[in-house]
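Peer 1: return atomic coordinates for the entry below.
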Amino acid sequence: MPTARSTPPSPNAGISWALPPGMRATRATRALAALYEARPEAALSESEVEAALAAAGAPVNKVTVYRMLERFAAAGLLQRQVDAARVTRFALAPQGGEGTAPRFECGDCHRQFRLAQGSARVQSALKQVLQALATAGHESLAVDIAVRGRCAGCAHPAEGAAS
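Peer 2: Numbers count the residues shown, from 1 in each chain. Alright, predicted model coming up:
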């Protein structure tokens, strides 16, 4: 599994996805992109992002971190989720045909795993629900389906260390 970078990306480092319109490719925005590229399964809180950016050599204040996360979310690059402890976390947004895939969220390490099995049936049911709500006049609808628990690595750490 890739790990987070310990040094900031170079000014010419490629970003695999485009920055939101109007957002400059500053050291902080490149470091944020690199953070999620290195940890694509991560669902990070603002304070975790702030600490990771500081560790990567791109320290920014809390307000700037929130603004970057919100702009990345508004552009569809990140997805805002509220976990069981009511902490807002940001994860890579589903791309392509993934849509609103149900996911498993570990309450200990906060890693997330998209649940592909049965996803087509879930997508079909969600489409019907959203259409019914839209027909009733509701707008800006969003769906978030999460199963929460402890992942195998957290539930059985000795087994993971033995492999």
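
Peer 1: residue 29 against residue 69, yeah?
Peer 2: No: assessed by C-beta atoms under 8 Å, residue 29 is found out of contact with residue 69, at 10.9 Å. Every C-beta, even on glycine, is put in place using the N, C-alpha and C of the backbone.

Peer 1: what ranges do the helices span in this protein?
Peer 2: Taking DSSP state H to define them, one finds helices in the chain at 27-38, 46-55, 62-74, 119-135, 152-155, 157-162.

Peer 1: quick one: contacts of the second one?
Peer 2: To tie it back to what came earlier, the one meant is helix 46-55. Contact partners of helix 46-55, identified using C-beta atoms under 8 Å, 6 or more residues apart in numbering, comprise 4, 6, 28, 31-32, 35, 44, 59-62, 65-66, 69, 88, 90.

Peer 1: quick check: angle from it to helix 62-74?
Peer 2: 110 degrees (axes from the mean of the first three to the mean of the last three C-alpha atoms, to 10 degrees).

Peer 1: by mean pLDDT, which helix or strand of this structure comes out lowest?
Peer 2: Within the chain, no helix or strand scores below helix 157-162, which has a mean of 67 by mean pLDDT, DSSP states H and E.

Peer 1: hang on, the earlier thing: select, from the contacts of helix 46-55, the two members most distant in space.
Peer 2: By the measure C-beta to C-beta, 6 and 88 form the most distant pair in those, at 26.0 Å.

Peer 1: which one's more surrounded, these two?
Peer 2: Set residue 6 next to residue 88 and count neighbours by other C-beta atoms under 10 Å: residue 88 wins out with 15 against 8.

Peer 1: quick check: domain ranges of the protein?
Peer 2: Taking automatic domain parsing as the criterion, the chain consists of the domains 1-93, 96-163.

Peer 1: just name the most buried of the ones you listed.
Peer 2: domain 1-93 (a mean of 16; mean count of other C-beta atoms under 10 Å).

Peer 1: give me the distance from that domain to the chain's centre.
Peer 2: Distance, stretch centre to chain centre, for domain 1-93: 9 Å (C-alpha atoms, centre = their mean, to the nearest Å).

Peer 1: what bits of this structure have low per-residue confidence?
Peer 2: Counting by pLDDT under 70, the chain shows low-confidence ranges at 1-17, 95-101, 116-119, 142, 160-163.
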